[in-house]
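J.: Return a 3D structure for these sequence lines:
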Amino acid sequence: MKIGVRAHDFGRQSAKSLAGNIKNAGFECTQLAPAKAIEGINSFADITERHLEIIQEVFDKADLEITVLGCYIEPSLIDNEERLKHVEIFRNNIVYAKQLNIPIVGTETTHMDINAPTDYREKVYQLLKDSVLRMVEMAERENVWIGIEPVAEHTLNTPELARRLLDEVGSKQLKIIFDPLNLVLPSTINQQDEIYAKTIALLGEEVVAMHIKDTVIENNEKTWRNIGAGVINYKPIINWLKQSKPNMRLLREGVAMDSYKKDLEVMKQLIK
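T.: As a prediction, the model looks like this:
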C-alpha cells in the first residue's frame, strides 16, 4: 500500500513546488485537483496543454504518483443544462488523465437532504445514472477509471445504491472511491462497522482508492481529528485491504500542516 494526500491541502502553489513539498513531507502519492492546487489554474477552463506538460514533468521528476485526478462535479443537478455542463467538464478531465497517465478521475455526487422523499431521490438517482453513462462513454474510449464516491449526504448515499449504479451502468471503467467517514452520519456512527462490512461485501472488488480521515461527534456534527484520534474504526478495513487489496492507495484528506506527521506515522503503523 502507498500513503498519499490531497494535494490542495498543501495550499495553492506552482506545480513544481507542490510536487516537491508533498514528496518531501513523506507522502508517496496524491490526489490532484489542478484548479484547487496549482497557481495559474483557477478553473477547469484554464487548463492548457502546457499546464499538462508541466504537471507530468514535475511530478515524474519528484517521483510522486498522481493516483486520482480530482474533478468534483455536480452530476445530479435538476437543471439539465447545468448538469450536462458538469458532465462535459468531467469528460474533458478523463482526456487529461489519459495524457497524464493518471488511472482514476474522481468525483462525489450532488448533495441531498438526507430526509428527501423517496420519489424525489429516485428521480435524482436517474439523473445521476444518465450523467455517469455519458462519462463512462469517454472513460471506455480513453481506458481511464471513473472513481465515484458514495457519501451519506449525497445522491449516491449508501453502498446498496452504489451497487445498483454499478450494475445498471455495467461498465468495467466505473469504480468506487471508498471514504469510510463520508459513509456515516452523526446518527449512524455507532453502526459504522456494519456499514463498512456491507460496503466491502457489495463494493469491495470495485474499490480503487481510499480516502482516510477521522472525526469525533460534537453537537451532532462531525469534527475534524488526526487519524487515530477520532472514532472511525479503520482496523477491519485495513485488515481487508491487507488480505484483498495490498496495493491500495490511502489518500489522507483534510491534512493539517502542523500535524501531518502524526497522520503519516499512524497510517504507516496501520498498514505495517
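
J.: residues contacting residue 223?
T.: Shown in contact with residue 223 (C-beta atoms under 8 Å, 6 or more residues apart in numbering): 215-217. Every C-beta, even on glycine, is put in place using the N, C-alpha and C of the backbone.

J.: mind redoing it with 10 Å?
T.: 186, 214-217, 230 (C-beta atoms under 10 Å, 6 or more residues apart in numbering).

J.: same thing with residue 197?
T.: Here residue 197 is in contact with 159, 204, 236-237, 240 (C-beta under 10 Å, 6+ apart).

J.: And for residue 92?
T.: Counted by C-beta under 10 Å, 6+ apart, residue 92 has contacts 44-45, 47, 71, 105, 138.

J.: which residues in the stretch 51-200 of the chain form helices?
T.: 80-100, 118-142, 159-169, 192-203 (DSSP state H, counting those that start in this stretch).

J.: could you say what helices and strands the third one packs with?
T.: To tie it back to what came earlier, the one meant is helix 159-169. helix 118-142, strand 145-148, strand 174-178, helix 192-203 (3 or more C-beta pairs under 10 Å, 6 or more residues apart in numbering; DSSP states H and E).

J.: Also the longest one?
T.: Other elements packing on helix 118-142 under the criterion 3+ C-beta pairs under 10 Å, 6+ apart are helix 80-100, strand 104-107, strand 145-148, helix 159-169, strand 174-178.

J.: Residue 241 in helix, strand or coil?
T.: helix (DSSP: H, G, I helix; E, B strand; the rest coil).

J.: Check for me that residue 3 belongs to a strand.
T.: Yes: applying three-state DSSP, one finds residue 3 inside a strand.

J.: Residue 272 is in contact with that one, correct?
T.: No: Residue 3 is not in contact with residue 272 according to C-beta atoms under 10 Å; the separation is 11.4 Å.

J.: How about the contacts made by the residue sitting furthest away from the middle of the chain?
T.: Centroid-distance maximum for the chain: residue 119 at 27.6 Å, with C-alpha atoms, centre = their mean. Neighbour list for residue 119: empty [criterion: C-beta under 10 Å, 6+ apart].

J.: now the contacts of residue 197: which count as buried?
T.: 159, 204, 237, 240 (16 or more other C-beta atoms under 10 Å).

J.: Next, format these as CSV and append pLDDT and distance to residue 196.
T.: Shown next, in CSV, are those (pLDDT from 0 to 100; distance: C-beta to C-beta, whole Å):
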residue, pLDDT, distance to residue 196
159, 98, 9
204, 98, 10
237, 98, 6
240, 98, 9
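
J.: Reformat those residues as TSV; add distance to residue 58.
T.: Below are the buried ones among the contacts of residue 197 laid out as TSV (distance: C-beta to C-beta, whole Å):
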residue	distance to residue 58
159	37
204	34
237	33
240	35
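
J.: nearest to residue 112, of those?
T.: Closest approach to residue 112 among those (C-beta to C-beta): residue 159, at 16.2 Å.

J.: How many residues are close by residue 89?
T.: Counted with other C-beta atoms under 10 Å, residues neighbouring residue 89 total 18.

J.: Okay, it and residue 189: tell me how far apart.
T.: 34 Å (C-beta to C-beta, to the nearest Å).

J.: just checking, residue 255 touches residue 11?
T.: No: using C-beta under 10 Å, residue 255 makes no contact with residue 11, being 11.1 Å away.

J.: more crowded one of those two?
T.: For the pair residue 255 and residue 11, the greater number of neighbours falls to residue 255 (24 against 13), based on other C-beta under 10 Å.

J.: Next, that one: phi, psi?
T.: phi -70, psi 150 (degrees, to the nearest 10).

J.: cool, residue 23 as well?
T.: The phi/psi pair for residue 23 (degrees, to the nearest 10) is phi -60, psi -50.
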